[in-house]
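1. I would like to see how this sequence folds:
(2 chains)
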Amino acid sequence: DTGVSQNPRHKITKRGQNVTFRCDPISEHNRLYWYRQTLGQGPEFLTYFQNEAQLEKSRLLSDRFSAERPKGSFSTLEIQRTEQGDSAMYLCASSLAQGHGKLFFGSGTQLSVL
Amino acid sequence: AQTVTQSQPEMSVQEAETVTLSCTYDTSENNYYLFWYKQPPSRQMILVIRQEAYKQQNATENRFSVNFQKAAKSFSLKISDSQLGDTAMYFCAFMKGSQGNLIFGKGTKLSVKP
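-> A predicted model of the protein is given here:
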């Protein structure tokens, strides 16, 4: 499977715990994006990378959230001290730099904070 | 700030018939892209169709076509010969210039009935 891969598919955690999600993009794609989607809403942009550089972060991304993309390959999104409001689907997508918005999405990680 | 509005939370259509999904957007930009993305019940989002704002000709992809009215800031999606596999959430999205972050609407849930 050469699509965008996200792990885990589901994560249940207790409030206050830290969680980390992983995204493996399509190998030749140099851009990688993180979005958050809650029920009944469209995806909301969180951040994106071009290669290993984090080029933009949304104001939605509080200081409890951190994303990395070491060596411009896979990416991780960590949420520290989780809150119930963090419960959502976290979507990863990748594209070519000249993709002009043609994003390839993963299946997402569903986070439930109890 | 850019906004995307989808005023139809849910729609249904009979198999083989035609349906139109509405989208309006607000921007002061001149250079942008508009998209329709589809999110089937499996939740992996895929690109349906893309329109560059500088192109007057409406984009088409097989059974999918758009009606792009730049002055009215309207971007509707027409699905012809609807198929059961078209059942999904449809999101309209906006991208400024060639930046990577897409701004999504809240989506329209389309059900195709046999």
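
2. Not counting residues beside it along the chain, what's closest to the residue in chain B that chain A sits nearest to?
-> Nearest to chain A, among the residues of chain B, is residue B:104, at 3.2 Å (CB to the nearest CB). Just so you know, the C-beta spots here come from the backbone N, C-alpha and C atoms, and that holds for glycine as well. Leaving out its chain neighbours, the residue that sits closest to residue B:104 by CB to CB, 6 or more residues apart in numbering or on different chains is residue A:42, at 3.2 Å.

3. Now do the one you found: how many residues are near it, please.
-> Using other CB atoms under 10 Å in any protein chain shown, residue A:42 has 22 other residues around it.

4. Mind listing the residues bridging to residue B:10?
-> Beta bridges link residue B:10 to residue B:109, judged by DSSP bridges.

5. which bits of chain A sit near chain B?
-> A:3, A:31, A:33, A:40-45, A:48, A:50, A:55-56, A:58, A:89, A:91, A:93, A:95, A:98, A:100-103, A:105-108 (CB under 8 Å from any CB of the partner chain).

6. How about the contacts made by the nearest residue in space to residue B:88 that is not next to it in sequence?
-> Using CB to CB, 6+ apart and skipping residues adjacent in sequence, the residue nearest residue B:88 is residue B:40, 4.3 Å away. Residues in contact with residue B:40 (CB atoms under 8 Å, 6 or more residues apart in numbering or on different chains) are B:46, B:85, B:87, B:88, B:89.

7. Distance check, residue B:40 against residue A:31.
-> 24 Å (CB to CB, to the nearest Å).

8. now residue B:90
-> Residue B:90 is 24 Å from residue A:31, by CB to CB.

9. Residue B:31: what's it in contact with?
-> B:53, B:54, B:96, B:97.

10. Can I get the buried ones among these as something I can paste into PyMOL?
-> PyMOL command restricting the contacts of residue B:31 to the buried ones, with burial defined by 16 or more other CB atoms under 10 Å in any protein chain shown:
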select buried, chain B and resi 53+96
